[in-house]
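Engineer: here's a sequence, model it:
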Amino acid sequence: MDEGSSMRILKPLVVSALAVVILAMTAQSVTASSADEDALRKCDELAASSLDDQRTAPAVYSIPPEAIEWCERAHRAYPENGRIFFQKSLIGRELRDPTLVDDMLKVIELGHDAGYAVLGRIAKKSRQEVGGYSYDDLLKIGLEKGMSWALYDRGKWYEEGRDKPPEQEYPTPHYETALEFYERAAAKGYSAGELAAGSLYYIGFMGKDKDTRWQGVPYFVRAAKMGDPMGAYLAGKAYLDGSVVEQDIEKGLDYYLEAYLGSGTGSMFVVNDLLWRAKETEMQVKHKIWQTLCEDSDTEDFDVKAYFKFLQKDDFDCGS
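Structural biologist: Numbers count the residues shown, from 1 in each chain. Predicted structure coming up:
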């Protein structure tokens, strides 16, 4: 067989082999890309922050432990994604963490404005400049960009009357103006804006009569729908008390359970109200509450069984 014949035979084989290699590489690339996108989606679902107006998923108020793994994988795949780096940077960290400032400055460098929100919170709490910014600098930037945290803070400023002139001894709250800013923050998905606006009505700052105060409850309900456990707690409290809306024990307890399950550990204020109010309700509702607490009793800071013993509940226990 001459050399030309050999080449004619080998050429299709070589082409076929290359095609197999290319297909394998393409499949591997597609699989890797799919895995990266899954990590991106899971990081957003598990760690989206209420301080981030640019988030692509509902805000999470109790971040599960597995979020860090997903966000680290997503960050490795998309190192220039400011949103993912922001979410990864916040997991398990407190505002007093000194390294958080540098991470938020990097978030801003990556083009993600949520970094300003966290810097604003740090500067306000510490009353010091952070990353070269004062709190007033950050608030001004936030207001210029229409960021929800800044709108909320400006609302709080008016609610507390901090615009008083020097010659005036006592502050004069401007509740109507505060409400406008809170509602603007809430419109951007900031649940704290809903809570603050609702509280103006519910507490009686917008009017002491029942017909005015009840208007605060829908704000709490909207915050609860956003996933904010404090919204669920306040909505539940309103329906259980029945002072400004028609009392609805079952609805109120449902909101309380939602608040408890959504707040993770450290929800003792909800637990206490749940258990004490359970004493006043029908046995079927009591068991619903107790069973929910039993199923979620593996927290480090609360022993449900011991609490039942303290309350001398002989008609129900968590079991073995």
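Engineer: ok, the residue lying closest to residue 180 once chain neighbours are set aside - contacts?
Structural biologist: Nearest residue to residue 180, sequence neighbours excluded (C-beta to C-beta, 6 or more residues apart in numbering): residue 155, at 7.5 Å. (C-beta placed from N, C-alpha, C; glycine too.) Shown in contact with residue 155 (C-beta atoms under 8 Å, 6 or more residues apart in numbering): 177-182, 185, 193, 196.
Engineer: now, which of those residues sits nearest residue 103?
Structural biologist: For these, the residue nearest residue 103 by C-beta to C-beta is residue 185; the value is 24.3 Å.
Engineer: burial of the closest one, as a residue count?
Structural biologist: 27 (other C-beta atoms under 10 Å).
Engineer: my guess is it contacts residue 146. True?
Structural biologist: No: if you go by C-beta atoms under 8 Å, residue 185 and residue 146 don't touch, sitting 9.7 Å apart.
Engineer: on that earlier part again, so which helix or strand takes in the residue nearest to residue 180?
Structural biologist: Assigned by DSSP states H and E, residue 155 belongs to helix 148-159.
Engineer: just how off-centre is that helix within its chain?
Structural biologist: 18 Å (C-alpha atoms, centre = their mean, to the nearest Å).
Engineer: what mean pLDDT does that helix get?
Structural biologist: Helix 148-159 carries an average pLDDT of 96.
Engineer: what's the spacing between the residue nearest to residue 180 and residue 90?
Structural biologist: Plainly put, residue 155 is 24 Å away from residue 90 if you go by C-beta to C-beta, to the nearest Å.
Engineer: residue 239 too?
Structural biologist: Counting by C-beta to C-beta, the gap from residue 239 to residue 90 is 33 Å.
Engineer: same check on residue 233?
Structural biologist: Going from residue 233 to residue 90 by C-beta to C-beta gives 23 Å.
Engineer: what of residue 158?
Structural biologist: From residue 158 to residue 90 the distance is 28 Å (C-beta to C-beta).
Engineer: looking at those two now, which is surrounded by more residues?
Structural biologist: residue 90 (24 against 20).
Engineer: how about that one: what's its closest non-neighbour residue?
Structural biologist: residue 49 (6.0 Å).
Engineer: test my guess that that neighbour contacts residue 91.
Structural biologist: No: counting by C-beta under 8 Å, residue 91 is not a contact partner of residue 49; they are 9.8 Å apart.
Engineer: what's the local residue count around residue 166?
Structural biologist: 5.
Engineer: what kind of secondary structure is it in?
Structural biologist: Three-state call for residue 166 (DSSP: H, G, I helix; E, B strand; the rest coil): coil.
Engineer: show me the contacts for the closest residue to residue 199 other than its chain neighbours.
Structural biologist: Spatial nearest neighbour of residue 199, excluding adjacent residues (C-beta to C-beta, 6+ apart): residue 216 at 6.4 Å. Contacts here follow C-beta under 8 Å, 6+ apart; on that basis residue 216 touches 197-203, 238, 244.
Engineer: could you export those residues as a markdown table, including secondary structure, pLDDT and distance to residue 104?
Structural biologist: What follows is those, written out as a markdown table (DSSP: H, G, I helix; E, B strand; the rest coil; pLDDT from 0 to 100; distance: C-beta to C-beta, whole Å):
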| residue | secondary structure | pLDDT | distance to residue 104 |
| --- | --- | --- | --- |
| 197 | helix | 97 | 28 |
| 198 | helix | 96 | 30 |
| 199 | helix | 95 | 29 |
| 200 | helix | 96 | 31 |
| 201 | helix | 95 | 34 |
| 202 | helix | 94 | 34 |
| 203 | helix | 92 | 34 |
| 238 | helix | 93 | 36 |
| 244 | coil | 91 | 40 |
